[in-house]
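1. the sequence isn't on hand, but the structure is:
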C-alpha cells in the first residue's frame, strides 16, 4: 500500500471512530455486518483485516473476533499449510482470499491491519514487513525470537506510526490489572520478590525424517530458521520445543507472565540488571531441545528479585505484608479483602482495557497506544530471552536495559541475535 493511501485510510477510520464513539456505547454494538461480511456498515467505518498463520492460535483469533466485533471485515488469510488455509477460508466464507505467502496478503491495498499468529521464529520478520506495508499489527507473544529482533519491530512500528498490540491478553483482564495496581500501590507492603512459574518443557523420542505432508510448504515454514529435514513433531503444534523456532515454556506462557511481573513491578519498559542461572536441565536424549527443569534469578535496580522457574504456571508477588498471585485471569491474595477494594480514581494509573482485541481495534481508530504496545512487548520478550541465554550458556549476565547490552562479557552479546537463512533478512 502506498504511504499516501495508508494515511488517507487511517484518517477516515479516525474520523469515523470519533463519530462512532459519540453515538454508540461500544464499537462491537455496530449492527449490519459480521466478520467476513460488509453488511450495511459504511466502508469508512469498517476495519479490514488479514490473519497470518491459521493454526490453533490463528483460528482462536478468527473465532474471537467473529464473536466480539461487528465493525471488522476479514478479507484474507495466509498460511503455508494448505489444509489450514482451506479450513479458515471455509469458516469465513463470502469470498475470503487465501494466500500461501503472507507477502501477497501484505501487498493487498484493501487491508488495514493484520493479526500475526505464526510460529515464534516468524513473529518479528512478519511484523516488520507488515509495519512497512502500512498495516496495523496484532502480534502473538513472544514478539520475537531474539532481543535484536524485538528492537527492530519497535523501530518499524515507530517509523511507520503503526498501532502494534502484542498479545499479552492478561493485560486486558480487570482482575489482573487490579492485582498489579495493588502491588504498585504498596497494598502488600514493600515488593520484595516475584516468582514467575512457567511450567516445564516435555521430552520426545527421536523420530525418523520423512517427506513433508501434502500441502505443506516446508521451506517457507522454516523461513529464516536453519534448514532441517521434516519430522512431524518438529512442526505444527510442537515447534515450541526447538530453539530454532522458540524457547519452550519461556516463550509461552513465559513472555506473557513476564509481562505481568514487570507490569506489577513498574519495570515494563526497562528490565533487570543481573540474570543468574540457578538450575538448568536439558533433555539428554530424544528430539526436543528446550529446558525441562530450570530456575533463573533476575535482580532489578529497585531491589526486587524475580525468579523464573519451571514449576506450575502463575505469577506470585511477595511483599513485606502479604502476597498476590495471578494465574491467567484468576487472582488470589493473602488477604482476600484486598481484591474487593474500590480504588480511588486517582490511583487508576495503569492502562485500562476490558478486551485485548477490542482495545487494539479501538486504537486503530483513535491512533492512541494500545494496552501492550511494541515497546512493552519487546521488554517482556527480552526477559524471556535473557533467561534462555543464561540457561544455555550457564553464565551470569550483567544487563544494561538502556543500551540493551550484556556488559560483563562482550562475547555473550552474540546471543542477542542470530543469522537468518538466505534469502530472508531484516
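-> That came in fine, so what should we check first? Since this is a predicted model, take the numbers as computed values, not measurements.

2. CA only for contacts and neighbour counts going forward, please
-> Fine.

3. quick check: domain ranges of this protein?
-> 3-171, 174-346+375-416 (automatic domain parsing).

4. output these as CSV; include the columns mean pLDDT, distance to residue 369 and mean neighbour count.
-> Below are the domains of the chain laid out as CSV (pLDDT from 0 to 100; distance: least, CA to CA, whole Å; neighbours: other CA atoms under 10 Å):
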stretch, mean pLDDT, distance to residue 369, mean neighbour count
domain 3-171, 83, 7, 21
domain 174-346+375-416, 96, 11, 19
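
5. dump the ones you listed to CSV, plus distance to residue 367.
-> Below are these laid out as CSV (distance: least, CA to CA, whole Å):
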stretch, distance to residue 367
domain 3-171, 7
domain 174-346+375-416, 16
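
6. out of those, which is closest to residue 363?
-> With CA to CA as the measure, domain 3-171 is the member of the domains of the chain nearest residue 363 (6.9 Å).

7. distance of the residue nearest in space to the middle of the chain relative to residue 203?
-> The residue lying closest to the centre of the chain (CA atoms, centre = their mean) is residue 141, at 2.2 Å. According to CA to CA, to the nearest Å, residue 141 stands 23 Å off from residue 203.

8. for the stretch 1-150 of the chain, just list every one of the helices.
-> Under the criterion DSSP state H, counting those that start in this stretch, the stretch 1-150 of the chain contains helices at 3-23, 56-68, 82-92, 102-106, 120-132, 147-159.

9. mind giving me the packing neighbours of the second one?
-> Packing partners of helix 56-68 (3 or more CA pairs under 8 Å, 6 or more residues apart in numbering; DSSP states H and E): strand 47-52, strand 113-116.

10. with the last one instead?
-> Counting contacts by 3+ CA pairs under 8 Å, 6+ apart, helix 147-159 packs against helix 120-132, helix 374-393.

11. what would the ones you listed look like in a markdown table with distance to residue 191?
-> Shown next, in a markdown table, are the helices and strands packed on helix 147-159 (distance: least, CA to CA, whole Å):
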| stretch | distance to residue 191 |
| --- | --- |
| helix 120-132 | 32 |
| helix 374-393 | 19 |
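
12. among those helices, which is nearest residue 421?
-> Per CA to CA, nearest to residue 421 of these: helix 120-132, 11.8 Å.

13. which SSE is residue 196 in?
-> Assigned by DSSP states H and E, residue 196 falls within strand 191-197.

14. show me what that strand is packed up against.
-> If contacts are counted by 3+ CA pairs under 8 Å, 6+ apart, strand 191-197 sits against helix 254-265, strand 305-309, strand 314-319.

15. quick one: strands adjacent to the next helix or strand after the first one?
-> Using DSSP H and E, the helix or strand that directly follows helix 254-265 along the chain is strand 274-281. Applying DSSP bridges, strand 274-281 is found paired with strand 293-299 (antiparallel), strand 397-400 (antiparallel).

16. give me the distance between strand 274-281 and the centre of its chain.
-> With CA atoms, centre = their mean, to the nearest Å as the basis, strand 274-281 stands 24 Å off its chain's centre.

17. re earlier: distance to residue 355 added to the helices and strands packed on helix 56-68, as TSV?
-> Converted to TSV, those look like this (distance: least, CA to CA, whole Å):
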stretch	distance to residue 355
strand 47-52	17
strand 113-116	15
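
18. re earlier: of the helices of the stretch 1-150 of the chain, which is nearest residue 251?
-> It is, among those and with distance given as CA to CA, helix 120-132, at 8.1 Å.

19. what's in contact with the closest one?
-> Here helix 120-132 makes contact (CA atoms under 8 Å, 6 or more residues apart in numbering) with 106, 114, 116-117, 136-137, 139-145, 149-150, 152-153, 156-157, 160, 162, 223-225, 240, 244-246, 425-426.

20. at 7 Å what do you get?
-> For helix 120-132, contacts defined as CA atoms under 7 Å, 6 or more residues apart in numbering pick out 106, 116, 137, 139, 142-145, 149-150, 153, 156-157, 160, 162, 245-246, 426.

21. quick check, the residue nearest to the centre of the chain in contact with residue 170.
-> No: Residue 141 lies out of contact with residue 170 (CA atoms under 7 Å); the separation is 11.7 Å.

22. could the helices of the stretch 1-150 of the chain be laid out in TSV, adding distance to residue 166?
-> Output for the helices of the stretch 1-150 of the chain, formatted as TSV (distance: least, CA to CA, whole Å):
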stretch	distance to residue 166
helix 3-23	20
helix 56-68	13
helix 82-92	22
helix 102-106	19
helix 120-132	10
helix 147-159	11
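
23. what about stretch 114-121, distance to the chain center?
-> On CA atoms, centre = their mean, the centre of stretch 114-121 falls 9 Å from the chain's centre.

24. what does stretch 120-130 give?
-> Centroid separation for stretch 120-130 versus its chain: 11 Å, with CA atoms, centre = their mean.
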